[in-house]
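S.K.: Got a predicted structure here, sequence first:
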Amino acid sequence: MTRTMDATHELAAFLRTRRERLDPDDFALPSRRQSRRTPGLRREEVAELAGVSIDYIVRLEQGRGLRPSVDVLEALSRALRLAPDERAYLFDLARHRPRKAEKLATAAAPPLARLVADLAPLPAMLLNHRYDILAWNNEMAMLLVDFDTLPPSQRNTMWLCLMHPEIREFYVDRERVVREGIAHLRAAWAAHPEDRALTDLIAEFTAHDEEFARLWDEQDVRVNGRGHKLMRHPDVGAIALHFEVLTPLQDQDQRLVIYRAADDESQSALNRLSPR
């Protein structure tokens, strides 16, 4: 069954999961006689830490249509000890982050497409916020898949990881890769509530992939600008890669992704894949 995406309900679920993940022993809270029957902080403890009423926290977690002010969001961020990406996500859900007037990218900016090609022999590609692949060089195609053979609707790195029969088994630590991708998509969805295509994409993944649905419900939020991946390539074997994600100032809805070999063996494997 397709699930409807709704910011109010996502805000409620996010606040609940963040509260339940906190360890009461990490807080200087007054001792209470009642035993804890559920994990994390109690609602009244979050209310006390944030300086709001218990009823307000209850209504927020029940998704009863409240729109917290900036001051309340700041207090909740501190009380729940949110990481920077989680704080930004909270503000996006409450529609309080300043919006930029940039146009959503559906095609590569020509200078960036040329840059992707010029980055060879490093594998590189250009994505938008929903992980659509807008441009790529030959090295990236040799590493992952011949993107020219795919219909545009399938040129999406998350779709490939979840749905493509070969790419599904490509990553050694697949659950981590999927989890990080979902954490990015959740942040992107909150930042771009007007993007119907992104909402539909998330609904498709949730309806057709049990792993995605399970991890999406965990409410993780994170934007990775740097990291590593271990791939199992069918032609050259294991390849360990570092990656960087760069955002151009002139085209901030586009992401330049660049891979580099993490060791000599992986560099040798990339050299064997290179079309040059």
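M.R.: Perfect, thanks for sending it.

S.K.: Now stretch 147-158: buried residues?
M.R.: Within stretch 147-158, the residues that qualify as buried are 147, 155-158, counting by 16 or more other CB atoms under 10 Å. Where C-beta positions appear, they are placed from N, C-alpha and C, glycine not excepted.

S.K.: Among those, which lie within helices?
M.R.: In helices, defined here by DSSP state H, the members of these are 157-158.

S.K.: Could you let me know which of the buried residues of stretch 147-158 ends up closest to Val245?
M.R.: Nearest to Val245 out of the buried residues of stretch 147-158 is Thr157 (CB to CB; 11.4 Å).

S.K.: tell me the contacts of the closest one?
M.R.: Applying CB atoms under 8 Å, 6 or more residues apart in numbering to Thr157 gives the contacts 127, 131, 133, 181.

S.K.: Need the CA coordinates for the host helix or strand of the last one. PDB is fine.
M.R.: Same thing as Gly181. With elements delineated by DSSP states H and E, Gly181 resides in helix 174-191, which encompasses its position. Coordinates of each C-alpha in helix 174-191 appear next as PDB, following Å, rounded to 0.1, in the frame of the first residue of the first chain:
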ATOM      1  CA  ARG A 174      24.800  -2.600   1.300                       C
ATOM      2  CA  GLU A 175      22.700  -1.800   4.300                       C
ATOM      3  CA  ARG A 176      25.000   1.100   5.300                       C
ATOM      4  CA  VAL A 177      24.900   2.500   1.800                       C
ATOM      5  CA  VAL A 178      21.100   2.200   1.600                       C
ATOM      6  CA  ARG A 179      20.700   3.700   5.100                       C
ATOM      7  CA  GLU A 180      22.900   6.700   4.300                       C
ATOM      8  CA  GLY A 181      21.000   7.200   1.000                       C
ATOM      9  CA  ILE A 182      17.700   7.200   2.900                       C
ATOM     10  CA  ALA A 183      19.000   9.600   5.500                       C
ATOM     11  CA  HIS A 184      19.900  12.000   2.600                       C
ATOM     12  CA  LEU A 185      16.500  11.600   0.900                       C
ATOM     13  CA  ARG A 186      14.700  12.300   4.100                       C
ATOM     14  CA  ALA A 187      16.600  15.600   4.500                       C
ATOM     15  CA  ALA A 188      16.000  16.400   0.800                       C
ATOM     16  CA  TRP A 189      12.300  15.700   1.100                       C
ATOM     17  CA  ALA A 190      11.900  18.100   4.000                       C
ATOM     18  CA  ALA A 191      14.000  20.800   2.200                       C
END
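
S.K.: so where is the stretch 1-150 of the chain shaky, pLDDT-wise?
M.R.: By pLDDT under 70, the weakly predicted segments of the stretch 1-150 of the chain are 1-5, 30-36, 98-103.

S.K.: What separation do you get for Ala213 and Asp264?
M.R.: Taking CB to CB, to the nearest Å as the criterion, Ala213 is separated from Asp264 by 40 Å.

S.K.: which one of those two has more residues nearby?
M.R.: Relative neighbour count places Ala213 above the other of Ala213 and Asp264, with 14 against 8, counting by other CB atoms under 10 Å.

S.K.: Could you list the residues in contact with the helix or strand harbouring Arg272?
M.R.: Under DSSP H and E, the secondary-structure element containing Arg272 is helix 264-273. Taking CB under 8 Å, 6+ apart as the criterion, the residues outside helix 264-273 that touch it are 121, 123, 139, 142-143, 233, 235-241, 261.

S.K.: cutoff 10 Å now
M.R.: Identification of contacts with helix 264-273 by CB atoms under 10 Å, 6 or more residues apart in numbering yields 121-123, 138-139, 141-143, 230-231, 233, 235-242, 259-261, 263.

S.K.: try stretch 71-79
M.R.: Under the contact criterion CB under 10 Å, 6+ apart, stretch 71-79 has outside partners 15, 18-19, 22, 27, 41, 45-52, 56-57, 60, 66-69, 82-84, 86-88, 90-91, 93-94, 96-97.

S.K.: mind saving the C-alpha coords of it as PDB?
M.R.: In PDB, the C-alpha atoms belonging to stretch 71-79 read as follows (Å, rounded to 0.1, in the frame of the first residue of the first chain):
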ATOM      1  CA  ASP A  71      12.300  29.500  19.600                       C
ATOM      2  CA  VAL A  72      10.400  26.300  20.400                       C
ATOM      3  CA  LEU A  73      12.300  24.400  17.600                       C
ATOM      4  CA  GLU A  74      15.600  25.700  19.000                       C
ATOM      5  CA  ALA A  75      14.600  24.500  22.500                       C
ATOM      6  CA  LEU A  76      13.600  21.100  21.200                       C
ATOM      7  CA  SER A  77      16.800  20.800  19.300                       C
ATOM      8  CA  ARG A  78      18.800  21.400  22.400                       C
ATOM      9  CA  ALA A  79      16.600  19.200  24.600                       C
END
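
S.K.: Cool, thanks, signing off.
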